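K.L.:
Give me coordinates for this.
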Amino acid sequence: MNQRLISKSRIFLLAATCFVLLVSNKANSQQKPECLKIGTNFGGFNYYTCDWPLKNVFKFASDWGTYNADNTGDYDNVVKRAMTWDADGYPTKIPQYVGSYDKGYPIGVKVINKDQAVRSLFFRGSCPDFPRSVGPQTTAATGLYTVSWEGEGDIFFKNPNNGTYFHVLGSGSTGVTITNTLITSNNAPGVHTCSLYVPENLSTNDGIGLNLVRSIEGSHVRNIKVIMPGFSLADDAENPWHPAFLSYIKPFYSLRFMAAMGANNTTASVDMLWSMRKTKNYFSYGVGGEIVGNSMPYEMIADLCNRLNVHAWVNILCHWDQDHILKFAELLKNELKPGLDVYVEFGNEATWNSAAGFNTFFCLLDEGIQTGETSSQVMARKEKFAWKTFRKVFGPDSLRIKRVLAGQYANPDIVGQRMRILTPNDYDYISCTWYFGAGKNSQKIIDQVKNNTATTASVGALILDDITSGNWINSGMKGHVDLAKSVGKKVICYEGGT
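P.N.:
Modelled structure (predicted):
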């Protein structure tokens, strides 16, 4: 298996029949365990990624950062709350005047009286020790990028660290002129294009900044694409995913979209309504929480799973209303290949993880205060509704919906509380994490990897030896296995690894 994925991903183990059999194997060594079906969590899109998920790198760019158009004063991205944006996240005009904006508690309203310009970053990740089988040891690929957009305005590309400009070349596109590094487009209809050159010596953490300094209201700059070297606009339209990325994740059985759906940072202001979801046309899939929902476009979930022929594991956000859940189920029913299953989990570590950034815990707590329920009661009610909705939408194919009752590895009673509220007919699997690292064979595995002698069989044998010779049988995993056995279910893991 690709070592890059092993080290990078938080791998979850998706059909834990093997876990059950490992327990029974202590008593019956002749019983042959099933092979594990292994999936991975898809981390989603962000401007500092070390991956190349898409051919159009602007689809994983940062949110727009605002700054005074005259380059005076301090940077403050909260200014964008006072600006106007179109449905796809582009400013309706630039420069855009802002007199004052609400800074929030404890500062309150702040007066600036300044025109604003905007900038978005991509390839800002620092990956010096991250092996890449394609391209150089930098985040960005070297070479010519195809840039396209619609509308009238001025754009330039700049290194946000040292302030140098990237070289831009014309491509004969109607209505485009290039003066030094500044790209100007007029109001000619259609798509404008040019080429952006990224040099070989670009530092891994410099990144590329796209600065939008002029955008004309009524024909504002929009639909920006920055296509990686070696690909065309037509290639992107046919298949948006980078082939190297697809090859990395193809071996997995399923993809869990918890992070990519924003399950931890769900907020009522943008995640409740179906109309607030992020669509495929939104300028970047890696932003959300201020203007648009936190999840990646749902269509892209189905598209990725269809192309890889892998099952989808989705997370229902706590703030979704019932209509949102219904329409999400309908979309997956219509978009996903008939042979692919959907694992449906509510939130992520929802009733117990109150760490910073895990908003679902407080969503359940707040609703429980209003209704007089415990968090477990609120969650059981919500996840049961989601499961019933998905099963109803899928109709004759309802068994493609795999209902996941998630718990906590260290405390099996986290899931036990909801098992006492629900009936065994309400769910299909019990789920928890399982991290089994730091065993006696860890150094042997590291040495094999360093010496380039590691194979799937050799590493697998060492891990299996750690599992079966350690205290696993008395661990939290066994507690979940016992609970699952008591109701005739199986345990699967939503994340884990070593």
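K.L.:
so where's the stretch 101-250 of the chain shaky on pLDDT?
P.N.:
126-138, 171-172, 201-205 (pLDDT under 70).
K.L.:
Strands of that one, start to end?
P.N.:
109-122, 143-150, 153-158, 168-170, 176-179, 182-185, 192-198, 208-215, 222-227 (DSSP state E, counting those that start in this stretch).
K.L.:
tell me the angle of the first one relative to strand 153-158?
P.N.:
Here strand 109-122 runs at 70 degrees with respect to strand 153-158, directions being taken by axes from the mean of the first three to the mean of the last three C-alpha atoms, to 10 degrees.
K.L.:
buried residues in strand 109-122?
P.N.:
I112, K114, Q116, A117, V118, R119, S120, L121, F122 (16 or more other C-beta atoms under 10 Å). No exception for glycine: its C-beta is placed from N, CA and C like everyone else's.
K.L.:
possible to save the residues you listed as CSV with distance to T351?
P.N.:
What follows is those, written out as CSV (distance: C-beta to C-beta, whole Å):
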residue, distance to T351
I112, 43
K114, 46
Q116, 42
A117, 44
V118, 40
R119, 40
S120, 37
L121, 36
F122, 36
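K.L.:
Return the member of these nearest to D303.
P.N.:
F122 (21.0 Å; C-beta to C-beta).
K.L.:
Select, out of the strands of the stretch 101-250 of the chain, the one closest to Q408.
P.N.:
strand 109-122 (36.3 Å).
K.L.:
Tell me the helices and strands packed up against the closest one.
P.N.:
strand 65-68, strand 96-102, strand 208-215 (3 or more C-beta pairs under 8 Å, 6 or more residues apart in numbering; DSSP states H and E).
K.L.:
what are the pairing partners of the first one, and which direction each?
P.N.:
Within its sheet, and counting by DSSP bridges, strand 65-68 is paired with strand 109-122 (antiparallel).
K.L.:
how close does R400 sit to Y298?
P.N.:
17 Å (C-beta to C-beta, to the nearest Å).
K.L.:
The stretch 251-400 of the chain: strands as residue ranges?
P.N.:
With DSSP E, counting those that start in this stretch as the criterion, the stretch 251-400 of the chain has strands spanning 254-256, 311-316, 342-346.
K.L.:
ok, the second one: who's next to it in the sheet?
P.N.:
Meaning strand 311-316. Applying DSSP bridges, one finds strand 311-316 paired with strand 254-256 (parallel), strand 342-346 (parallel).
K.L.:
Between those, which one is closest to G99.
P.N.:
strand 342-346 (43.3 Å).
K.L.:
pLDDT averaged over that closest one - what is it?
P.N.:
In this model, strand 342-346 carries a mean pLDDT of 98.
K.L.:
cool, and stretch 294-308?
P.N.:
97.
K.L.:
Which positions in it come out as buried?
P.N.:
294-305, 308.
K.L.:
go on, stretch 141-148?
P.N.:
Buried, per 16+ other C-beta under 10 Å, within stretch 141-148: A141, L144, Y145, T146, V147, S148.
K.L.:
cool, stretch 251-268 as well?
P.N.:
252, 254-264, 266-267.
K.L.:
Figure out the length between the terminal residues of that stretch.
P.N.:
Using C-alpha to C-alpha, to the nearest Å, one end of stretch 251-268 lies 36 Å from the other.
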